[in-house]
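Enquirer: Fold the following and give me the result.
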Amino acid sequence: SMYRQAAAVLEEFLRGGGWVVNKAEACRTLYFCYKRTGENDRALASLTRAFLYLAPRAQDCCILASEFLDDGRLDCAEYWYRRALDAPERVEEGGFVDGDYSAFIPYIGLAVVCDKRGDYAAAYGWNERAGAIKPDDASYIHNKQYLFQLLKNGN
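Expert: Now for the predicted structure:
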């Protein structure tokens, strides 16, 4: 497939010389290639390999958190969402930066983690932080209604 070919080219690039920012970006791209080919372990290994070149970006942290969340590993998910909040954006290194990963997405993620733990008040608080950034976002509005009902009913 196209993804397998891309992965082979990226792996070859990583064996050579080059700027750390390009190597880190190649690792992230490999993550997406391996996800598309269903090689989840290789995908995660590729993403964390980027940390050998540069400290994790907020996006990297959110991707890892979401993988752990899907796996039901709430402590790990929480850890990585919190790291996303701590991660500097480092725009000066170049590379694409999506601001959602440094606040909105981790806030929504932490709301989901708290909800899954049954801590609805904390979930509501994280969701409100997300809503302060994007008050019209569908996931924020849905969470707010859902959590409000739970809290109103005494959970």
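
Enquirer: Please, where are all the helices along the protein?
Expert: Using DSSP state H, the helices of the chain run over 2-15, 20-36, 40-49, 58-70, 74-86, 104-117, 120-133, 138-152.

Enquirer: what does the last one contact?
Expert: It refers to helix 138-152. Ile108, Ala111, Asp115, Tyr120, Ala121, Ala123, Tyr124, Asn127, Glu128, Ala130, Gly131, Lys134 (C-beta atoms under 8 Å, 6 or more residues apart in numbering). No exception for glycine: its C-beta is placed from N, CA and C like everyone else's.

Enquirer: And the second one, by the same measure?
Expert: Identification of contacts with helix 20-36 by C-beta under 8 Å, 6+ apart yields 1, 3-4, 6-7, 10-11, 13-14, 40, 42-44, 46-47, 49-50, 53-54, 59-60, 63, 93-95.

Enquirer: Please apply the same query to the third one.
Expert: With contacts defined as C-beta under 8 Å, 6+ apart, helix 40-49 is touched by 14, 27-28, 30-35, 60, 63-64, 67.

Enquirer: can you pull the buried residues of it?
Expert: Using 16 or more other C-beta atoms under 10 Å as the test for burial, helix 40-49 gives Arg42, Ala43, Leu44, Ser46, Leu47, Arg49.
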